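A.B. asks: Need a 3D model of the following:
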Amino acid sequence: MPIELSILLWSIAFGLLQMLATGFAVNRQHGAAYAVGPRDEPVALTGIPGRIRRAFFNYMETFPFLAGTVLIGYVLNRHNGLTESGAQLYLLARLLYWPFYVSGVRWVRTIIWLGSLVGILMLLIGVARP
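C.D. replies: Model prediction:
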């Protein structure tokens, strides 16, 4: 299996962990009654639970670009140093981003987020060039 597909699998696993963390955060702040109810009215999450949710939503904004680019690269059989490094950079940056965002660190988390964007761009360039 190409390393890009392995990174995609690990990225899916990380996304699932973030989804679970978000659920736990909602449950912790608003209680089990809200969690098992119909959730007809949205509730605001504040503090760390709010950051956990926003970090997950931020991840979900970038993940489709990673997944699409990796899958296109696989279909076209475009694997090279740029695609491998780009996929690795993306996952590493996303793994680092989460604790910095949840902790409320401002500038460092933005730089780390830019690293994940650079990773996707590296993948895109590596897949696009023959």
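
A.B. asks: Any buried residues in stretch 93-109, and which?
C.D. replies: 93, 94, 96, 97, 98, 100, 101, 102, 109 (16 or more other Cβ atoms under 10 Å). Any C-beta I mention is one placed from the backbone N, CA and C, and that applies to glycine too.

A.B. asks: Which helix or strand contains the second one?
C.D. replies: The reference is to residue 94. helix 81-103 (DSSP states H and E).

A.B. asks: Kindly report the same for residue 105.
C.D. replies: Applying DSSP H and E, one finds residue 105 in no helix or strand.

A.B. asks: Contacts only, for it.
C.D. replies: Not one residue lies near residue 105 by Cβ atoms under 8 Å, 6 or more residues apart in numbering.

A.B. asks: And for stretch 11-23, what's in contact with it?
C.D. replies: 35, 52-53, 55-56, 59-60, 63, 66-67, 90-91, 94-95, 98.

A.B. asks: hmm, try it at 7 Å
C.D. replies: For stretch 11-23, contacts defined as Cβ atoms under 7 Å, 6 or more residues apart in numbering pick out 52, 53, 55, 56, 59, 63, 66, 91, 94, 95, 98.

A.B. asks: How about stretch 41-52?
C.D. replies: 21, 22, 25, 26, 28, 29, 30, 34, 53, 101, 102, 104.

A.B. asks: let's go with 8 Å and repeat that
C.D. replies: 18, 21-22, 25-26, 28-30, 34, 53, 101-102, 104.

A.B. asks: Ramachandran angles for residue 2?
C.D. replies: phi -60, psi 150 (degrees, to the nearest 10).
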